[in-house]
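Chemist: next input, structure requested:
(2 chains)
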Amino acid sequence: MKSIFLQSNTAIWAVLAMATVVSWYLGGDAALNIPAVMLLIAFFKTRLVIMHFMELNHAPLALRIVGEAWGIVCCTALIVLYSMA
Amino acid sequence: MSSLTKEKHIPGEAGIWIFVLGDMFIFGLFFVTFAYYRSFDLELFQSSQAQLNQNWGALNTVLLLTSSWFVVLGMSAVRKGLRGMARKCLSLAWLCGLGFGIVKIFEYGEKIEHGINLTTNDFFMYYYIFTGIHFLHLIIGMGVLTYMILRLRHNKPLKDDLALLESGATYWHMVDLLWIVLFSILYLIK
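Modeler: Sure, this is the predicted structure:
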């Protein structure tokens, strides 16, 4: 049972939870709520989910590239649109 | 296609990836549409967003992340042949999903009670449509988790079911993934 819990994905979950708390804290502070930073945190989290939880880090390169591209394209488009507002 | 080892392979059936990537693409369009129209009426979007409860959004994010983690643990148990443990982990994931659903229904109720609905303004139109479509994904995902849990009750060799279970897990992680971005753009970023 221990071996199920003691795996790198448990650390990934802890990082994801901490990143959520950090973004929640930054979101409540007008001075610290910087769209580009908040978006980078969000897409850092999605990347962890895609690569580790969805196991694309063990998938063939083509699928991995599509997974990476989704995050990069969405994050870049949103940063551009938020900076235009 | 699937093996019990962690060598390079497509997790789950290839077909689930066409569906999941298609869904991720559509939600990507949702995110961009929201950000685009937000830039035309920043004041309205900001004042409307202030009426959302960030704490509920954060709680729901942690619930889905934890749920996804339980699915990961469940899949590790499947690969190790620990059927009972896999069932327990997936059941805990299901309960976290239920928690998300309860919080969301409570949150919708709170908004509707204050007279905020789909037609209130553009921000809330996007809020209800995007979170509503996501909620639908959550309900389907809970059905998928239920099927996975029931499937683990059979004494069929786990190896034979691995691709099917991995497909279900992949779908559930997508539900989590999409919420991470929705939480950021709808609740957090001013």
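
Chemist: all the helices of chain A, residue numbers only.
Modeler: Read by DSSP state H, chain A holds these helices, from start to end of the chain: A:2-5, A:8-27, A:35-48, A:61-84.

Chemist: save those as TSV, and put in mean pLDDT, mean neighbour count and distance to B:Tyr171 too.
Modeler: Backbone N, C-alpha and C define where each C-beta goes, glycine included. Below are these laid out as TSV (pLDDT from 0 to 100; neighbours: other CB atoms under 10 Å in any protein chain shown; distance: least, CB to CB, whole Å):
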stretch	mean pLDDT	mean neighbour count	distance to B:Tyr171
helix A:2-5	80	12	21
helix A:8-27	97	17	18
helix A:35-48	98	20	16
helix A:61-84	97	16	15
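
Chemist: got a markdown table for these, with distance to B:Val144 too?
Modeler: Listed next are those as a markdown table, based on distance: least, CB to CB, whole Å:
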| stretch | distance to B:Val144 |
| --- | --- |
| helix A:2-5 | 21 |
| helix A:8-27 | 20 |
| helix A:35-48 | 20 |
| helix A:61-84 | 20 |
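
Chemist: let's have those in a markdown table, adding distance to chain B.
Modeler: Compiled in a markdown table, these are given as follows (distance: least, CB to the nearest CB, whole Å):
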| stretch | distance to chain B |
| --- | --- |
| helix A:2-5 | 5 |
| helix A:8-27 | 3 |
| helix A:35-48 | 4 |
| helix A:61-84 | 4 |
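
Chemist: so where's chain B shaky on pLDDT?
Modeler: Filtered on pLDDT under 70, chain B yields the residue ranges B:1-7.

Chemist: recalculate using a threshold of 90.
Modeler: B:1-9, B:154-160 (pLDDT under 90).

Chemist: picking that back up, so for B:Val71, which of the helices of chain A sits nearest?
Modeler: helix A:8-27 (10.1 Å; CB to CB).

Chemist: now that closest one against helix A:35-48, angle please.
Modeler: On the basis of axes from the mean of the first three to the mean of the last three CA atoms, to 10 degrees, helix A:8-27 is oriented at 160 degrees to helix A:35-48.

Chemist: and the contacts of helix A:8-27?
Modeler: Helix A:8-27 is touched from outside by A:32-34, A:37-38, A:41-42, A:44-45, A:48-49, A:52-53, B:54-55, B:57-58, B:61-62, B:65-66, B:68-69, B:72-73, B:76, B:184, B:187-190, with contacts defined as CB atoms under 8 Å, 6 or more residues apart in numbering or on different chains.

Chemist: equivalent analysis for stretch A:57-74, please.
Modeler: For stretch A:57-74, using CB under 8 Å, 6+ apart, the contacting residues are A:43, A:46-47, A:50-51, A:54, A:56, B:6-11, B:17, B:21, B:24-25, B:28, B:31-32, B:181.

Chemist: for the residue lying closest to B:Ile10 once chain neighbours are set aside, give me the pLDDT.
Modeler: Residue nearest to B:Ile10 in three dimensions, not counting chain neighbours: A:Ala59, with 5.6 Å by CB to CB, 6 or more residues apart in numbering or on different chains. On the pLDDT scale, A:Ala59 is placed at 95.

Chemist: ok, A:Ala59 - how many residues close by?
Modeler: Using other CB atoms under 10 Å in any protein chain shown, A:Ala59 has 20 neighbouring residues.
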